[in-house]
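> Sequence isn't available, so here's the structure alone:
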């Protein structure tokens with residue numbers, strides 16, 4: 001008995017195969033679409049990062065060469081970024097520059113980047129290196145205010161609670177900040193009075209100005225029992241993205257531990273910590289003497 005020819009797929013089976021094929025194709029298309037979108041986002045980020053202080057305006061041809069893309073692709077991206085305010089086009093020469101929307105976004109980042117939060121990890125590192133009390137202070141009129149404090153593990157140590165104020169003229173943190181302030185700020189401190197807190201407090205305006213000059217030259221302030229008998233403090237200035245000194249990081253300990261030799265060894269660590277915090281706040285220059 002001869003078997004009949006094998007029957008092909010039924011119409012129902014063929015419909016099922018078609019649906020499976022469509023789903024597979026759609027899945028491949030969706031995956032490819034996601035990859036293309038991610039690629040476009042990455043390219044847009046690269047495009048924005050192409051701008052710098054040296055090149056605030058760049059044309060499409062230059063951007064295309066830099067990104068290794070077709071000019072038509074770069075043009076489409078640029079048009080989209082312009083529509084969102086991330087880029088602006090110079091009507092006179094057709095070149096592009098960063099848009100105001102980026103400034104608004106940057107302002108949000110800067111708002112949360114207060115000096116205390118950004119300095120914290122570096123202050124911990126400094127304390128680990130030297131095991132002395134570490135302070136972060138800001139200038140408040142003619143005083144400094146401590147905004148962060150980490151104590152060392154020694155039995156004898158200096159404590160300065162958060163929110164505590166001290167005269168700026170007789171503290172290392174205050175001198176580190178004042179040394180880089182305009183003359184009118186320094187004059188205001190002097191006019192408020194340089195009252196003696198210890199026998200070593202500088203009470204002469206002439207000597208005080210000279211001490212600020214020495215601070216600028218060293219890159220840090222050294223307070224030798226000017227605020228408290230038996231305590232020594234070293235502090236360095238912290239700058240923001242505009243280069244203004246906005247705070248100071250300092251370390252403090254007893255004279256018995258912070259001898260002249262010890263101070264010389266600790267100074268580079270204090271200055272380096274201040275520089276790291278300054279960089280975190282956006283400062284890109286060198287500390288000015």
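Received it, and whenever you're ready, just let me know what you need. Given the structure is predicted, the values throughout are model-derived calculations rather than measurements.
> Please make it C-alpha for all contacts and neighbour counts, starting now.
Fine.
> so where do the helices sit in the chain?
Remark: helices assigned in the chain by DSSP state H are 11-49, 60-67, 71-83, 100-112, 115-130, 172-178, 183-192, 205-218, 260-280.
> Determine which stretch of these is the most buried.
Among those, the stretch with the highest mean neighbour count (mean count of other CA atoms under 10 Å) is helix 172-178, at a mean of 31.
> by contact count, what packs against that one?
Using 3 or more CA pairs under 8 Å, 6 or more residues apart in numbering; DSSP states H and E, the elements in contact with helix 172-178 are strand 133-140, strand 143-150, helix 205-218, strand 221-224, strand 231-239, strand 245-254.
> Of those, flag the one that's most buried.
strand 231-239 (a mean of 29).
> Go ahead and measure how far that one is from the middle of the chain.
Its chain's average C-alpha position is 19 Å from that of strand 231-239, according to CA atoms, centre = their mean, to the nearest Å.
> relative to strand 133-140, how tilted is it?
60 degrees (axes from the mean of the first three to the mean of the last three CA atoms, to 10 degrees).
> partners of strand 231-239, with directions?
In the sheet containing strand 231-239, its partner strands are strand 221-224 (antiparallel), strand 245-254 (antiparallel), by DSSP bridges.
> Low-confidence regions, this protein specifically.
1-38, 107-113, 152-163, 286-289 (pLDDT under 70).
> what's the domain layout of it?
As assigned by automatic domain parsing, the chain contains the domains 11-105, 113-280.
> closest one to residue 165 among the helices of the chain?
helix 172-178 (10.5 Å; CA to CA).
> Need the contact partners of that closest one.
Contact with helix 172-178 is made by 136-139, 143-144, 167-169, 185-186, 212, 215-216, 220-223, 233-237, 245-250, as judged by CA atoms under 8 Å, 6 or more residues apart in numbering.
> show me the contacts for the residue nearest to residue 203 when sequence neighbours are not counted.
Leaving aside its sequence neighbours, residue 203 sits nearest to residue 194 (CA to CA, 6 or more residues apart in numbering; 4.7 Å). Applying CA under 8 Å, 6+ apart to residue 194 gives the contacts 169, 202-205.
> Please apply the same query to residue 118.
Residue 118 makes contact with 277, 280-281, according to CA under 8 Å, 6+ apart.
> Dump those residues into TSV; add distance to residue 67 as well.
Formatted as TSV, these follow (distance: CA to CA, whole Å):
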residue	distance to residue 67
277	33
280	28
281	29
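> from the residues you listed, which is closest to residue 128?
Out of the contacts of residue 118, the member with the shortest distance to residue 128 (by CA to CA) is residue 277, at 16.4 Å.
> Tell me how far the closest residue in space to that closest one that isn't next to it in sequence lies from residue 279.
Distances taken as CA to CA, 6+ apart place residue 119 nearest to residue 277, at 5.4 Å, with adjacent residues excluded. Remark: distance between residue 119 and residue 279 (CA to CA, to the nearest Å) = 10 Å.
> Distance check, residue 190 against residue 234.
When residue 190 is compared with residue 234 (using CA to CA), they lie 21 Å apart.
> follow-up on the earlier one: may I see the contacts of residue 194 organised as JSON lines, with distance to residue 126 added?
What follows is the contacts of residue 194, written out as JSON lines (distance: CA to CA, whole Å):
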{"residue": "169", "distance to residue 126": "24"}
{"residue": "202", "distance to residue 126": "28"}
{"residue": "203", "distance to residue 126": "31"}
{"residue": "204", "distance to residue 126": "33"}
{"residue": "205", "distance to residue 126": "33"}
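> which of those has the most neighbours?
Top of the contacts of residue 194 by neighbour number is residue 169, holding 28 neighbours under the definition other CA atoms under 10 Å.
> That one against residue 188, yeah?
No: judged on CA atoms under 8 Å, residue 169 makes no contact with residue 188 at a distance of 10.8 Å.
> Name the residues contacting each of these two.
residue 142.
> re earlier: Serialize the helices of the chain to TSV and add fields for distance to residue 151.
Listed next are the helices of the chain as TSV, based on distance: least, CA to CA, whole Å:
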stretch	distance to residue 151
helix 11-49	41
helix 60-67	50
helix 71-83	49
helix 100-112	26
helix 115-130	8
helix 172-178	16
helix 183-192	29
helix 205-218	25
helix 260-280	15
